[in-house]
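Participant: Okay, structure incoming, though there's no sequence with it:
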């Protein structure tokens, strides 16, 4: 079954302006931010992760192994990891969206299988730090009960995903990159941030031009019809904050999806449908064989787009996703249900 995974989030880019200040605050802290390297080395390096745990090292880590969705954001901001784990290549040999622009010829892909990690391959990279996402107390893509072995190789830092709004996630990932040595005034950072702000302005304009247009992101699979729950936060929560009309599902606020049968697929009226575009999920072409899908008003009207769930929390990637949603809203019209 094409079951949804824990996190959720589309494509196009734009032009950009300046990010002020040193992004060292919030959840991630670098001791000595803004001071000369010699003083920083004397003070050491500390990092308070998303669980509140503090990682302390004698100096700023240089050899970092990270979950692919984190590695891609760090890479965009100019910090190059030495190894990754998590989605990197698709079954067909293409690049998984979560790996972004990471040069796979220059990094070690330790594992792409959930719950597996070769401690020997990890140790061979001699990492200073390992970074992953965490959902409540579940370390994403790491072996259950295996973190002690990993932490015997290098300290483990975690970015909390549950209950953290998308715009805070964007800030936290940038703060992480800066803590690792990325320059907040680097054009790769300032341009990406301005690109994101411009995309949000496009979205606001599109929503204003299509008042009341009902949008629904789904993960339609052969056996079930999953509706993304905006109350769980993430990108959909951000879209709701910008006026996008999304269904109020009956799923608990902490659940990413409400699971429906195909006979219930019309439970929430939608003028624009966005289908889960993650690798391995049911494609729009495959859904054409499902009569209950073809009978939905948005599908009959041709108002269907892609939903790039699990877009990495980088400003450039989010700008593409937001800009794409704005274009889909602009191209859609309210429908009679």
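Facilitator: Happy to help now that I have it. Values in this document were obtained by computation on a predicted structure and should not be read as measured data.

Participant: What's the first helix or strand after the longest helix seen in the chain?
Facilitator: The single longest helix within the chain, with elements called by DSSP state H, is helix 187-209. As assigned by DSSP states H and E, the chain's next helix or strand after helix 187-209 is strand 215-220.

Participant: now that next one: mean pLDDT?
Facilitator: Strand 215-220 carries an average pLDDT of 97.

Participant: which other helices and strands contact that strand?
Facilitator: Judged by 3 or more CB pairs under 8 Å, 6 or more residues apart in numbering; DSSP states H and E, strand 215-220 is in contact with strand 225-228, strand 272-276, strand 304-307. Any C-beta I mention is one placed from the backbone N, CA and C, and that applies to glycine too.

Participant: Partner strands of the last one, with direction?
Facilitator: In other words, strand 304-307. With DSSP bridges as the test, strand 304-307 is paired with strand 272-276 (parallel).

Participant: Can you check what angle separates the strand it pairs with from strand 215-220?
Facilitator: Using axes from the mean of the first three to the mean of the last three CA atoms, to 10 degrees, the inter-axis angle of strand 272-276 relative to strand 215-220 is 30 degrees.

Participant: follow-up on the earlier one: which one of the helices and strands packed on strand 215-220 lies closest to residue 241?
Facilitator: Smallest distance to residue 241 across those (CB to CB): 15.1 Å, for strand 225-228.

Participant: could you say what helices and strands that closest one packs with?
Facilitator: Using 3+ CB pairs under 8 Å, 6+ apart: strand 225-228 touches strand 215-220, strand 257-260.

Participant: Not counting its own residues, what contacts that strand?
Facilitator: Contact partners of strand 225-228, identified using CB atoms under 8 Å, 6 or more residues apart in numbering, comprise 3-4, 8, 216-220, 236, 247, 249, 251, 256-262, 264-265, 267-268, 276, 307, 309.

Participant: on that earlier part again, so of the helices and strands packed on strand 225-228, which one's packed in deepest?
Facilitator: strand 215-220 (a mean of 27; mean count of other CB atoms under 10 Å).

Participant: Can you check what angle separates it from helix 187-209?
Facilitator: Here strand 215-220 runs at an angle of 110 degrees relative to helix 187-209 (the same axes, to 10 degrees).

Participant: average pLDDT for the longest helix of the chain?
Facilitator: On average, the pLDDT along helix 187-209 is 97.

Participant: Give the buried residues for that helix.
Facilitator: 188-200, 202-203, 206-207 (16 or more other CB atoms under 10 Å).

Participant: same deal with stretch 326-337?
Facilitator: Applying a neighbour-count criterion of 16+ other CB under 10 Å, the buried positions in stretch 326-337 are 326-329, 332, 335.

Participant: Which of the residues you listed scores worst on pLDDT?
Facilitator: Among the buried residues of stretch 326-337, residue 335 has the lowest pLDDT, at 93.

Participant: Is that residue in a helix, a strand, or coil?
Facilitator: Using DSSP: H, G, I helix; E, B strand; the rest coil, the structure places residue 335 in coil.

Participant: number of nearby residues for residue 76?
Facilitator: By other CB atoms under 10 Å, 23 other residues sit near residue 76.

Participant: For it, which residues are in contact?
Facilitator: Per CB under 8 Å, 6+ apart, neighbours of residue 76: 100-101, 188, 192, 314, 316-317.

Participant: What of residue 159?
Facilitator: Taking CB under 8 Å, 6+ apart, one finds 49-50, 70, 131-134, 169, 172-173, 176 in contact with residue 159.

Participant: Work out for me the element it sits within.
Facilitator: strand 156-160.

Participant: Which SSE is immediately downstream of that strand?
Facilitator: By DSSP H and E, the next helix or strand past strand 156-160 is helix 166-179.

Participant: now for that next one, which elements pack on it?
Facilitator: Short answer (3+ CB pairs under 8 Å, 6+ apart): helix 166-179 packs on helix 68-76, strand 156-160, helix 187-209, helix 234-241, helix 315-331.
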